[in-house]
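Undergrad: Sequence and predicted structure are below.
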2 protein chains.
Amino acid sequence: MNRLDESLLSDIPPFRLLDRPQIRAILDLATPRRFDEGQSVFTEGAQAERFYLLLDGVIRVIRTTPGGDEIIVLHIAAGQLFGIAPALGRVTYPATAMAAGECLTLGWPVRMWSEFASNYDGFSTETYKVVGQRVGEMNTRIMELATQAVEQRVANALARLVNQTGRKVENGIEITFPITRANISDMTGTTLHTVSRLLSAWEKDGIVKSTRRHIVVTNPHQ
Amino acid sequence: MNRLDESLLSDIPPFRLLDRPQIRAILDLATPRRFDEGQSVFTEGAQAERFYLLLDGVIRVIRTTPGGDEIIVLHIAAGQLFGIAPALGRVTYPATAMAAGECLTLGWPVRMWSEFASNYDGFSTETYKVVGQRVGEMNTRIMELATQAVEQRVANALARLVNQTGRKVENGIEITFPITRANISDMTGTTLHTVSRLLSAWEKDGIVKSTRRHIVVTNPHQ
DNA sequence: ACGGAACTTTGTGCTGGCTCAAACTTCGGG
DNA sequence: CCCGAAGTTTGAGCCAGCACAAAGTTCCGT
């Protein structure tokens, strides 16, 4: 068994306040796992059995409407906890989590949640901050969807992705995982056709540069 | 000073697991207050100084877009906590809370949050369940806004209101607080014109019955 | 009673973005 | 190298819902 290094967790908010032996103990209880692109970590409505920490990669959180179409609720960047249904008193997962690229995760059984929360000071406080951020983000999404025009929505979605997972590159900031026009349309509640047209237009204006499943934003405006 | 009765809290989730002396202690720390229709309890972006319990009435939670238009994020029914920013590690309120009708609240200073959470068993667990529900509700809102047609959105918004605050009445279920077409349009991201047309159509079909600032749903379908 | 404010209804055109459709490009496998 | 699958682009037409506009209704204060 290859032991995991303590440094993996020491910089991540919920664990930041813990000392090395505590981190050691937590790590020894974790199950590491690798997911390929498109594989799902857990599924909407399933019994919540574990909660996870994303070590590397990007996770796409998806919900399916009764009508059958899927929409992307949010993306999770490396270093964040996800599948934290138990923290909100849920027994099933409210959405599906799918690897948007190759992903490395650590998983713990849900029953350890309360253990962690009571034994490790600051763990729950820090975690709920993350929840708070996500709530805020969702709130903002609602406002955008309700009031803004499609162009703005797509622009904002892109901006959000760049902020969360962007990596600085020669002529701008690139999004670090494969993303298609269809994905963007799922995030913004439009069609891939419209997204395609917008991206073409922006490319003409020199705002973005996109190749197949890959986008670079050159100009962080608009 | 008129003492508040313990029975006020004993049936409300976060306090349900507490015994009478504990409830007494909590009540003695609370500041009761009455709000008239249209008065705001707290304002978006303001320092979060207190958190609240709604004893009676309905609270409308509102956010304002940079563009200036307001949208209604959710309604809070009697018996729920609100303004629970501190629980999510926030120092400012993320939205404005406004009385949708006459309201009675209890308020506590935020610093008591952590006290309550650590001293009273079950308090935080129960509270986070509420947060979980709200997150779920917001999630659903996002999906609706992103995928459904205006008619569905308005119908769902109405259904949600009826579920949360509906009261059974002679020929259907009525919404217990004043609500205008403009309010509904703020919830669904449309114009009051469209809402008005839809309600007229539904009234013709005998699904709803509406008078000025007052709606009764006769037929819980569609 | 009266007048005004708040709310609601209804009409008319216009348009953003969806649907339908088809061709094109890139990638990976055989 | 060729082929099919996946992803992207572009075009054309159409319609739900918005903007603009104006009149009708209910409530409330004086």
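TA: In hand now; what should we look at?
Undergrad: Return the set of buried residues in the helix or strand of chain A with the lowest mean pLDDT.
TA: Least confident helix or strand, chain A: strand A:214-217 with a mean of 78, by mean pLDDT, DSSP states H and E. Within strand A:214-217, the residues scored as buried using 16 or more other CB atoms under 10 Å in any protein chain shown are A:I215, A:V216, A:V217. For every residue, glycine as well, the C-beta is placed using N, CA and C.
Undergrad: Run through the bridge partners of the residue nearest the centre of chain A.
TA: In chain A, the residue lying closest to the centroid (CA atoms, centre = their mean) is A:I76, at 1.1 Å. In this entry, A:I76 is beta-bridged to A:I59, by DSSP bridges.
Undergrad: isn't it right next to A:V58, touching?
TA: Yes. A:I76 is in contact with A:V58 according to CB atoms under 8 Å; the separation is 6.8 Å.
Undergrad: Can you give me the neighbour number for A:G206?
TA: 9 (other CB atoms under 10 Å in any protein chain shown).
Undergrad: Would you check how far apart it and chain B are?
TA: To chain B, A:G206 is 25 Å away according to CB to the nearest CB, to the nearest Å.
Undergrad: A:K168 now?
TA: Distance from A:K168 to chain B, by CB to the nearest CB: 27 Å.
Undergrad: residue ranges of the strands in chain A, please?
TA: Assigned strands in chain A, in chain order: A:31-35, A:40-42, A:50-56, A:59-64, A:70-76, A:81-82, A:96-99, A:103-109, A:166-169, A:172-175, A:208-211, A:214-217 (criterion: DSSP state E).
Undergrad: for chain B, what are the nearby residues on chain A?
TA: Residues of chain A lying near chain B by CB under 8 Å from any CB of the partner chain: A:63, A:65, A:67, A:69, A:71, A:73, A:85, A:87-90, A:94-95, A:124-126, A:128-129, A:131-132, A:134-136, A:138-139, A:141-143, A:145-148, A:188-189.
Undergrad: From those residues, list the buried ones, please.
TA: The buried subset of the residues of chain A next to chain B (16+ other CB under 10 Å) comprises A:63, A:71, A:73, A:85, A:87-88, A:90, A:94-95, A:124-126, A:128, A:131-132, A:134-135, A:138-139, A:141-143, A:145-148, A:188-189.
Undergrad: Turn the buried residues of strand A:214-217 into CSV, including distance to DNA strand C.
TA: Converted to CSV, these look like this (distance: CB to the nearest atom of the strand, whole Å):
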residue, distance to DNA strand C
A:I215, 14
A:V216, 14
A:V217, 19
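Undergrad: give the contact list for the residue nearest to the centre of chain A.
TA: Counting by CB atoms under 8 Å, 6 or more residues apart in numbering or on different chains, A:I76 makes contact with A:L54, A:V58, A:I59, A:R60, A:V61, A:F82, A:A97.
Undergrad: Could I get the full set of helices for chain A?
TA: A:7-10, A:13-16, A:20-29, A:111-119, A:123-147, A:150-165, A:181-188, A:192-204 (DSSP state H).
Undergrad: Give me whichever of those is most buried.
TA: Highest mean neighbour count of the helices of chain A: helix A:181-188, a mean of 22 (counted as mean count of other CB atoms under 10 Å in any protein chain shown).
Undergrad: and it, what's its mean pLDDT?
TA: Mean pLDDT, computed over helix A:181-188, is 92.
Undergrad: how far away is A:M98 from chain B?
TA: Distance from A:M98 to chain B, by CB to the nearest CB: 16 Å.
Undergrad: can you check A:A157 too?
TA: Separation of A:A157 from chain B (CB to the nearest CB) stands at 11 Å.
Undergrad: didn't that residue look like it was pressed against A:D186?
TA: No. Counting by CB under 8 Å, A:A157 does not reach A:D186; the two are 9.8 Å apart.
Undergrad: low-scoring stretches of chain A, by residue?
TA: Per-residue confidence of chain A (counting by pLDDT under 70) places the weak regions at A:1-3, A:213, A:219-222.
Undergrad: who in it is up against DNA strand D?
TA: Contacts of chain A with DNA strand D, taken as CB under 7 Å from any atom of the strand, map to A:T180, A:R181, A:A182, A:L192, A:H193, A:S196, A:R197, A:L199, A:S200, A:S210, A:R212, A:R213.
Undergrad: Look up the closest residue to A:P14, ignoring the ones flanking it.
TA: Closest residue in space to A:P14, ignoring its immediate chain neighbours: A:E126 at 4.3 Å, by CB to CB, 6 or more residues apart in numbering or on different chains.
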